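K.L.:
everything below, folded, please.
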Amino acid sequence: MPLASHLPSRRWPWVAVGALLIGNMFLHKPISNVCDALYARIGRTPYERLMLLAIATGSIVGALALVRGGWPRLRRRRALSCLLALALATVLVQRWMLVSNVELIHLPQFGLFAALLLAAGLGPVAAWVGATAAGVIDETYQYLVIYAHVPGVYFDYNDVVLNAIGAAWIVVLVAAAGVGGAVADRGRWQRWLLAALLVGIGVALWLAPPHIVAVDGFPYWRPALSRAATGLDYHVMPASEGLATLGLLWVLVRIATRASGEAAARPSAPVALMVALCLGGCAPSPRPATAPPALPAPGAWPGAARSNGVPRPEDQPFIITFWCGPPLAEFSDQRAADIAAAGFTVVGAPCEGAITPALNRRALDVAARHGLRMWISERRVAEAVDDAPNPQPQLAAAVADYRDHPALDGYFLFDEPTAAQFDDLAKQVAALRAADPGHLPYINLPPDFSPPDALGSASYGKYLAQYVATVQPPLLSFDYYPFKTDRDRATFFDNLGLVRATARAHDLPFLLIVQAMPHGPYRDPTAAEIAWQVNHALAFGARGISYFAYWTPVHVPGADRWRFRHGLVEGGQPTEHLGQVAQINRDARSWADQLQGFTSIAVADSSGHFGTPLPIAPIAAIDGGPATAGFFVRDGMLAVLLVNQDYRNPQRVVLRLRPGAPLPQRFDPVARRWQPLAEPGIVLPPGGARLLRWT
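P.N.:
Predicted structure coming up:
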């Protein structure tokens, strides 16, 4: 049956097209919020499977209904070849271009646009161009309006291509099956539009070249990939790739529909708009990619103006602390002086030895004399919550011994909880913050390689989301020990990225506990390996670092199995690790001081394996390496912390800057001053870092 032959008028499809276009714009955010709530409720893996199944099933059912009666013609070689090409493109898009399967909704969404334009009387190619133009309009509205306030937002060619593929499916199916009764596409508008597209591709290849990285084996080049918070790897298309893909899809649609229709079709308004928007879209690129993230006005970043009086994460003091502080009985003035001299700011709670209110108060007095703060362990805090239905009175009595002490920074509560313990921890945190709102309730989380039964959750992302939603902590802390005796763990950057994304989503600071001693299956790290961990935490935007461990634990559960040894202090005497950490802390405090108040906007890997692909801001690429680059902004200034990913050898990296971009300044952590960078080459020590800025 012809698609619209039974209709008295073809005016209604144009009305439907307009309504759908407006609905896409104004319903995008409400629908996204519903999807986010479902994601948070059921978790990542079930959500991704549900979206893939639901959208694929709905799309197939809709396509089958549309082409019923036209199956014999679909078996022709040309139609079958074009449909197989579209199927391959769809599979590649699902595998390499999505941060979540819910984005597949673009396919049926803009397939519907194409079907309506066919019903309105446009030819197949004109219907495809019009539907693709509607997708460009939708993405432009998101870029300029919906996400204009989001740091690093860019024009999303991934979604434009998804829209075009969805439209192509319907146009090719209808035309190849011979059920549409669509008119033919004739006239010079196609040649003019194609010429404009080719010019746009040429300009884009110069301004926004393809995002590809070299690899050692066949095929020797591959698309640069980032890791989304959903755990999926995805490729961000720059303008050159996006426009070239649109050109290929146009050719595919033209081949598939070449023999369809009889009469001529007039060019529609969406065609002209397609030209303007595609060419105009070469410069800006909503995900960060080809275009540099715009540096926003002061106060424009999320959380910049907080009504609750709590400082933003980037404005809070940088924490340098350790796990397993000295036993309270051995925490003397000399010991405190050594800790302060090594660059620490917070004394961690002890892992062994007697802990009493009297010893805690004495330790706080010692810390105060040396400008240190402390996290204390207090048995009465846990008991007040565990043993009473209304813990506030008991908890208030417990913290009354400490809360007015100038050296108190927080209370140690728990290490590596499972999800089943979150409800109890939420009560404890709420009660403690009610009794002593000025001090930190400290909880540390496990790493992402913990088994599901240790997490009590199906995935690490779901674990983090549930923890923040339930416990509502003021700080995210986690440990990750990457250096095993026989190999390095592979998910260090993934874990940092997930915690960073969670912290940014909830406006929280985060802290990483680094491996600083051998134990169990973990090797004794070198100074460069310790620095590598610390510097990467800083590049990802951490507001604190902690070392495992300061005082080598002996009389603790599991000591025989874990064989703790060679901490920063062992048997009361400093090891070489304490001297190494003192140097690392000096540099880390220098970087952190200079980055105070700066907002972390992106993390990039020069090889493109994780983070946001380059180019970003003035940096088009980083040659040499591999190196990690953390990008930070404040009041129109851009700072970049470069970190050597090689902890064995120094690396010389070369900044490839955008045309016209000046060389940055470089911070000297010894002289503590900024100096002009004479040339774009920078030598990074093993695991080391360098801080740059553009003003």
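
K.L.:
run through the stretch 251-400 of the chain and note the low-pLDDT ranges.
P.N.:
259-310, 384-389, 391 (pLDDT under 70).

K.L.:
and the residue nearest to Val569 when sequence neighbours are not counted, how far is that from Thr356?
P.N.:
Closest residue in space to Val569, ignoring its immediate chain neighbours: Trp551 at 5.3 Å, by C-beta to C-beta, 6 or more residues apart in numbering. Using the backbone N, CA and C atoms, a C-beta is placed for each residue, glycine as well. Using C-beta to C-beta, to the nearest Å, we find Trp551 at a distance of 18 Å from Thr356.

K.L.:
my read: Glu570 touches Thr552, true?
P.N.:
Yes. Between Glu570 and Thr552 there is a contact at 4.3 Å, judged by C-beta atoms under 8 Å.

K.L.:
so between those two, which is more surrounded?
P.N.:
Neighbour tally, Glu570 and Thr552, criterion other C-beta atoms under 10 Å: the higher count belongs to Thr552, 22 against 18.

K.L.:
just give me the neighbour total for the closest residue to the more buried one other than its chain neighbours.
P.N.:
Sequence neighbours aside, Gly567 is the residue nearest to Thr552 in space, at 3.6 Å (criterion: C-beta to C-beta, 6+ apart). Residues near Gly567, counting by other C-beta under 10 Å, number 25.

K.L.:
Gly567 should be in a strand, yeah?
P.N.:
No. Counting by DSSP: H, G, I helix; E, B strand; the rest coil, Gly567 falls outside a strand, being coil.

K.L.:
check what pLDDT it gets.
P.N.:
You'll see Gly567 listed with a pLDDT of 96.

K.L.:
likewise for Arg672?
P.N.:
pLDDT, Arg672: 86.

K.L.:
now do the one 10 residues further on
P.N.:
Per-residue confidence at Ile682 stands at 95 (pLDDT).

K.L.:
phi, psi for it please.
P.N.:
Here is the backbone geometry of Ile682 (degrees, to the nearest 10): phi -130, psi 130.

K.L.:
and Asn444, what element?
P.N.:
strand 440-444 (DSSP states H and E).

K.L.:
give me the helices and strands touching that strand, please.
P.N.:
The contact analysis (3 or more C-beta pairs under 8 Å, 6 or more residues apart in numbering; DSSP states H and E) places strand 440-444 against strand 408-415, helix 422-435, strand 476-479.

K.L.:
OK, contacts around Phe412?
P.N.:
Gly348, Ala349, Trp375, Ile376, Ser377, Tyr442 (C-beta atoms under 8 Å, 6 or more residues apart in numbering).

K.L.:
Trp551 and Thr356 - which one has more neighbours?
P.N.:
Legend: neighbour count by other C-beta under 10 Å for Trp551 and Thr356, higher for Trp551 (26 against 12).

K.L.:
ok, the more buried one to Val581 distance?
P.N.:
Distance, Trp551 to Val581, using C-beta to C-beta: 13 Å.

K.L.:
overlap in contacts of those two?
P.N.:
With C-beta under 8 Å, 6+ apart as the test, Trp551 and Val581 both reach Leu568.

K.L.:
quick one: buried residues of the one helix or strand Leu249 maps to?
P.N.:
Assigned by DSSP H and E, Leu249 belongs to helix 239-256. Neighbour-count burial for helix 239-256, counted by 16 or more other C-beta atoms under 10 Å, picks out 239-246, 249-250, 252-254, 256.

K.L.:
lowest-confidence entry in the residues you listed?
P.N.:
Within these, lowest confidence goes to Ala256 (80).

K.L.:
look up the closest residue to that one, ignoring the ones flanking it.
P.N.:
Cys82 (3.9 Å).

K.L.:
now the element after whichever strand or helix holds the one you found, going C-ward?
P.N.:
Using DSSP H and E, Cys82 sits in helix 77-96. Later in the chain than helix 77-96, the nearest helix or strand by DSSP H and E is helix 106-119.
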